[in-house]
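Peer 1: structure for the following, please:
(chains A and B)
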Number of protein chains: 2
Amino acid sequence: MAKDESVTRRSPCPVSCTLDILGDRWTLLVIRDLMLGRSRYKEFCASPEGIPTNILAERLERLLQYEIIEKAPVSPESKRMAYHLTPKGKALKPLLVEITKWGLQWEEGTEARMQKKNTDT
Amino acid sequence: MAKDESVTRRSPCPVSCTLDILGDRWTLLVIRDLMLGRSRYKEFCASPEGIPTNILAERLERLLQYEIIEKAPVSPESKRMAYHLTPKGKALKPLLVEITKWGLQWEEGTEARMQKKNTDT
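Peer 2: Residues are numbered from 1 along each chain as shown, chains lettered A, B, ... in the order given. Next up, the predicted model:
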């Protein structure tokens, strides 16, 4: 699938290239939600941070383009879509773990209270 | 030191709180540069991604506010400043390592060619 032409690499540095895709205040929150077992558009919208719907739609499209997530109908006859992490997306788990650990250790008032909905991610 | 009042937490989730501080395309590149031993404003400007000077100045100020970096004169008589990571900033190393590993594994054409200038960070 063609990559989003609007995202241009600034250098070949892997940190820079990763931030070209994920470096904003919202994208990794959607990845967090997917890792917690959320899969539906309305579930992402219901997260406490209150992601604006236009930003959510744009981020989901970008994540699909980069093959970090995939989407499929909730059931064979349904038009409602569910999103899931691909292997490339699941490989972001250690990064999310380190973000969580740093926040818990260094930012007062953070809480590790997020619960997984299921265990398959 | 007072925190930047413009940065409001969206939730107590440690992922969200970390992204409130670091979630953009540039901040973690400055952290990368500091980990590579760069410490001067002009050194950050010289990195291949070409950070705009107004963004660099704003990010350095925010990192100072959050006590992720500190600044001091290059020498006792100098007015030129050098920036260094605090313990809170050095604690971002595992996060940078995971970002690097993910980029190298999943984004074609990335290169692990950054060299450390010294070994004290």
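Peer 1: closest to the centroid, which residue in chain A?
Peer 2: Central residue of chain A (C-alpha atoms, centre = their mean): A:Ile31, 2.1 Å from the mean position.
Peer 1: surely it meets A:Leu92?
Peer 2: Yes - A:Ile31 is in contact with A:Leu92 according to C-beta atoms under 8 Å; the separation is 5.6 Å. Yep, even glycine has a C-beta here, placed from its N, CA and C like the rest.
Peer 1: which neighbours do the two share?
Peer 2: In terms of C-beta atoms under 8 Å, 6 or more residues apart in numbering or on different chains, A:Ile31 and A:Leu92 are both contacted by the residues A:22, A:68, A:85.
Peer 1: helix or strand for the most far-flung residue of chain A relative to its centre, which one?
Peer 2: Farthest-out residue of chain A from its mean C-alpha position, per C-alpha atoms, centre = their mean: A:Glu77, at 26.2 Å. Under the criterion DSSP states H and E, no helix or strand holds A:Glu77.
Peer 1: about what we covered before: what helix or strand is the residue nearest to the centre of chain A located in?
Peer 2: helix A:27-35.
Peer 1: and if you look at A:Ala72?
Peer 2: Applying DSSP H and E, one finds A:Ala72 within strand A:69-73.
Peer 1: quick check: buried residues in that strand?
Peer 2: A:Ile69 (16 or more other C-beta atoms under 10 Å in any protein chain shown).
Peer 1: tell me what it is packed against?
Peer 2: helix A:53-65, strand A:81-85 (3 or more C-beta pairs under 8 Å, 6 or more residues apart in numbering or on different chains; DSSP states H and E).
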